[in-house]
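In: Following is a predicted model, sequence given first.
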Amino acid sequence: MFATRASRRRGILYAVLLATGLFLLALSSTPPMRELQVALGNLLTPAESALSGATRTVGSLVGALAEIDQLQAQNRALQQQNQQLAVENRQLQEIKVQNDQLSRLLGVQGSLDYHTVAATVVSREVSQYTRVITIDAGTNRGIELNDVVVADGGALVGSVTTVGSDFSRILLISDTRSTVIGLIESSRATGEVIGQLGGALVMENIPATERVNLNDTVVTAGIDLGNGIRSPFPKGLLIGSIVDVQRDPNAVVQTAFINPASNLDKLEYVLVITDYHGGLPPVPAASGAPAAGSPGPSSTSLPLPAPSLAPAP
């Protein structure tokens, strides 16, 4: 009995739903219903567009974030490559500078009538009174005391005052203790080229009767001093050019100031002349004793006078 009632109710419900569906189906084709459908569509279209746009925006944002990460990684890689290339470029530039300097030294070697040894400057002792450099070659390469040292262009640098087995100390011509007899090429006048405080060069005791012009070139005179004493420096090595002249009408000599041909405070490579023997002639060695001036087993030094404290003229 209860089952019959339940079945009857389900049948009535199905019939009502079917009738309602048929009614709505018939009603959907009527003009008012179509207008209602259009109105509802118009109302829902902005929401659908907004939802679709939001979906696209979220997708674009995720893609942009992924692209930014990729670009940042590429940028870091490019920065590392740029830094590496910059380092390699600086190294290549330094190698080029060194090659240029060594090429000029090779040119000097070919132009000199002496045997030379190329060496690298390893230290500098520069002060108001002192101009000394140390090179990485010594007796192991045939260098001796008083050997003359030149730079590129054949410019005079100085002479060896201390020598060891694998190093040498060079007194620069800009040192206050250095004196070189110079020759003015245009007039052939001579004078004493002396280092001054601060590394300048001055040429003193030039006869007042000689004409001295600005930009005149000064070279080593290479004058023998008599009694078998040779000049400490070969003839014709470039010293520099005259930049100023001081004349006193009442004096018998005049003074010239010289700009060195080589930047003596920035030397990196030099040539040491090993087969020019200037100065006093060699003293014959006594039996069983070393010759005077010959280097000892480790190092030898040439005594130097105390630095002059007198102001530059």
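Out: That came in fine, so what should we check first?

In: Check which residues of the one helix or strand Val202 maps to are buried.
Out: Per DSSP states H and E: Val202 is located in strand 201-207. The neighbour-count check on strand 201-207 (16 or more other Cβ atoms under 10 Å) flags Leu201, Val202, Met203, Glu204, Ile206 as buried. Every C-beta, even on glycine, is put in place using the N, C-alpha and C of the backbone.

In: Now pLDDT and distance to Val117 too, for those residues, in JSON lines please.
Out: Shown next, in JSON lines, are those (pLDDT from 0 to 100; distance: Cβ to Cβ, whole Å):
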{"residue": "Leu201", "pLDDT": "95", "distance to Val117": "25"}
{"residue": "Val202", "pLDDT": "96", "distance to Val117": "30"}
{"residue": "Met203", "pLDDT": "96", "distance to Val117": "29"}
{"residue": "Glu204", "pLDDT": "95", "distance to Val117": "32"}
{"residue": "Ile206", "pLDDT": "95", "distance to Val117": "34"}
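
In: Just the buried positions in stretch 133-153, please.
Out: 133-135, 137-139, 141, 143-152.

In: Now do it: distance from first to last residue.
Out: Stretch 133-153 has an end-to-end distance of 19 Å (Cα to Cα, to the nearest Å).

In: Average pLDDT for that stretch, rounded please.
Out: For stretch 133-153, mean pLDDT is 94.

In: Could you do stretch 212-223 as well?
Out: On average, stretch 212-223 scores 94.

In: Show residues contacting it.
Out: With contact meaning Cβ atoms under 8 Å, 6 or more residues apart in numbering, stretch 212-223 is reached by 156, 180-187, 189-190, 193, 203, 206, 231, 233-245, 254, 256, 258.

In: quick one: it to chain centroid distance?
Out: 33 Å (Cα atoms, centre = their mean, to the nearest Å).

In: Over to stretch 229-249?
Out: Taking mean C-alpha positions (Cα atoms, centre = their mean), stretch 229-249 and its chain are 32 Å apart.

In: still on that earlier bit, just the C-alphas of the strand holding Val202, formatted as PDB.
Out: Below are the C-alpha coordinates for strand 201-207, written out as PDB (Å, rounded to 0.1, in the frame of the first residue of the first chain):
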ATOM      1  CA  LEU A 201     119.300  67.400 -15.300                       C
ATOM      2  CA  VAL A 202     121.500  70.400 -15.600                       C
ATOM      3  CA  MET A 203     124.500  71.000 -17.900                       C
ATOM      4  CA  GLU A 204     127.100  73.200 -16.200                       C
ATOM      5  CA  ASN A 205     130.300  74.800 -17.200                       C
ATOM      6  CA  ILE A 206     129.400  75.400 -20.900                       C
ATOM      7  CA  PRO A 207     131.800  78.000 -22.200                       C
END
